[in-house]
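Peer 1: everything below, folded, please.
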Amino acid sequence: MTLALRRTILLVLAAFAALTLLLAPTAAMAAEANPTVELVDDGAPAILSIAFAPTWVQLLTLLVTIVLPVLVGLVTTRETNSARKTIYLALLSAVTGFGSELLSALSNGETYDAAAGLYKFVGVLVIGIALHYGVWKPTGVAAAAASVGYQPKH
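Peer 2: Model prediction:
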């Protein structure tokens with residue numbers, strides 16, 4: 001893959017992320033899923049109400065997590081060392097985990113929680129590795145992504 005193509009792909013991804021951030025509906029940012037428990041006279045929980053209301057930051061993080069291994073394949077070549085690809089995946093996972101926590105804190109007007117960013121980073125990394133070996137590599141998508149623009153040496 002040529003350097004210009006790699007830069008173009010990264011620029012398109014950055015533009016997509018910026019557009020998603022700018023065009024996200026405010027209703028989705030304000031949605032909160034707060035389970036509530038009502039207590040009866042004896043102190044035992046009576047009803048547990050559970051909500052499923054993912055925010056746009058959570059959905060964006062999930063989408064990025066799913067495609068991260070493919071993106072690493074797109075920005076590297078077939079000849080790139082697997083250790084280097086793992087480092088790229090770890091760096092992109094860190095950006096995704098800490099960045100999504102930062103977006104969440106900024107959009108909700110809350111304090112940035114570094115521990116939550118660390119947990120998201122680890123989760124994104126583990127899921128990215130599992131998806132690479134469990135989905136993208138066996139189906140041939142990882143090899144196809146690494147072959148985009150590949151010119152064998154003569």
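Peer 1: what comes up buried for the longest helix along the chain?
Peer 2: Longest helix in the chain by number of residues (criterion: DSSP state H): helix 82-108. Neighbour counts over helix 82-108 (16 or more other Cβ atoms under 10 Å) mark 85, 88-90, 92-94, 96-101, 103-105, 107 as buried. Using the backbone N, CA and C atoms, a C-beta is placed for each residue, glycine as well.
Peer 1: just stretch 115-123 next, same as before
Peer 2: 117, 120, 121.
Peer 1: okay, the nearest residue to the second one once chain neighbours are set aside and residue 140: tell me how far apart.
Peer 2: Take residue 120 and drop its neighbours on the chain: the residue closest to it by Cβ to Cβ, 6 or more residues apart in numbering is residue 97, 3.6 Å away. According to Cβ to Cβ, to the nearest Å, residue 97 stands 28 Å off from residue 140.
Peer 1: same deal with residue 80?
Peer 2: Distance from residue 80 to residue 140, by Cβ to Cβ: 17 Å.
Peer 1: the two: which has the busier surroundings?
Peer 2: Using other Cβ atoms under 10 Å, the more surrounded residue of residue 80 and residue 140 is residue 80, with 14 against 10.
Peer 1: next up, the contacts around the nearest residue to residue 113 once chain neighbours are set aside.
Peer 2: Using Cβ to Cβ, 6+ apart and skipping the chain neighbours, the partner closest in space to residue 113 is residue 101 (6.2 Å). The contact partners of residue 101, by Cβ atoms under 8 Å, 6 or more residues apart in numbering, come to 112, 113, 114, 116, 117, 120.
Peer 1: of those, which is the nearest to residue 65?
Peer 2: Relative to residue 65, the closest of those is residue 120; by Cβ to Cβ it sits at 9.2 Å.
Peer 1: residue 79 should be in a strand, yeah?
Peer 2: No - counting by DSSP: H, G, I helix; E, B strand; the rest coil, residue 79 falls outside a strand, being coil.
Peer 1: low-confidence ranges, this protein, go.
Peer 2: For the chain, the stretches with pLDDT under 70 are 1-7, 9-48, 149-154.
Peer 1: what about 80?
Peer 2: Residues of the chain meeting the criterion pLDDT under 80: 1-51, 77-80, 146-154.
Peer 1: now the helices for it?
Peer 2: Remark: helices assigned in the chain by DSSP H are 3-23, 26-30, 56-75, 82-108, 114-131, 137-139, 141-147.
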